[in-house]
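Undergrad: Dropping a prediction and its sequence here:
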Amino acid sequence: MATAEVPDFLTVEEAGRVLRIGRTAAYQQAHRWLDTHSDGLPVLWVGGSLRVPLAQFEQHYNIRVTAVPQPAERRRPKSAKTEAQDIPRSARSTGRRKARESTQSGLPFAG
C-alpha cells in the first residue's frame, strides 16, 4: 500500500511500519493506549478490530503520513524439514517413536 493515498484508518501493523517498530511492539503500544487513553499508539475498536485513526495518529506523533511502507519480506532460514526432504525417504525416520522394551526390573541404581 505504498500509494499516494493513505487511508483514514490504519491497521496496528501499518501504523507500526510507519513508526518502524515491530508488530508485537505496535500491539503493546495499542494496548497501552486502551489502558491510559494518553500514552501509546492511539487506537479504537472498529467492528471488532483495532484501528488507528490517521488524523489522531499524525497529531499524537506530530508527523505527516504520506505513504504506508510495505511489509518487509521475511527471510526464513532453511529449516530441518527442508533439509530432511533432501534425504531419500527410505533413510528418513518415520517420526514415530518405537515402544521401549522394558528389560530392566526397577530403577537402574536399585540392587
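TA: Received it, and whenever you're ready, just let me know what you need.

Undergrad: Pull out the buried residues from stretch 48-56.
TA: Within stretch 48-56, the residues that count as buried by 16 or more other C-beta atoms under 10 Å are 50, 51, 52, 53, 54. In this view, the C-beta of every residue, glycine as well, is placed from N, C-alpha and C.

Undergrad: Now residue 40. Nearest residue, chain neighbours left out?
TA: Distances taken as C-beta to C-beta, 6 or more residues apart in numbering put residue 32 closest to residue 40, at 3.2 Å, once the chain neighbours are dropped.

Undergrad: tell me which element the one you found falls in.
TA: Here residue 32 sits within helix 23-36, counting by DSSP states H and E.

Undergrad: buried stuff in that helix?
TA: Neighbour counts over helix 23-36 (16+ other C-beta under 10 Å) mark 26, 27, 29, 30, 33 as buried.

Undergrad: Put together CSV for the residues you listed, with pLDDT and distance to residue 73 on each row.
TA: Below are the buried residues of helix 23-36 laid out as CSV (pLDDT from 0 to 100; distance: C-beta to C-beta, whole Å):
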residue, pLDDT, distance to residue 73
26, 97, 18
27, 97, 21
29, 97, 24
30, 97, 24
33, 96, 29
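
Undergrad: Each with direction, which strands does the following helix or strand past the helix holding residue 32 pair with?
TA: Remark: after helix 23-36, the chain's next helix or strand is strand 44-46, criterion DSSP H and E. As defined by DSSP bridges, the strand partners of strand 44-46 come to strand 49-53 (antiparallel).

Undergrad: No further queries at this time; thank you.
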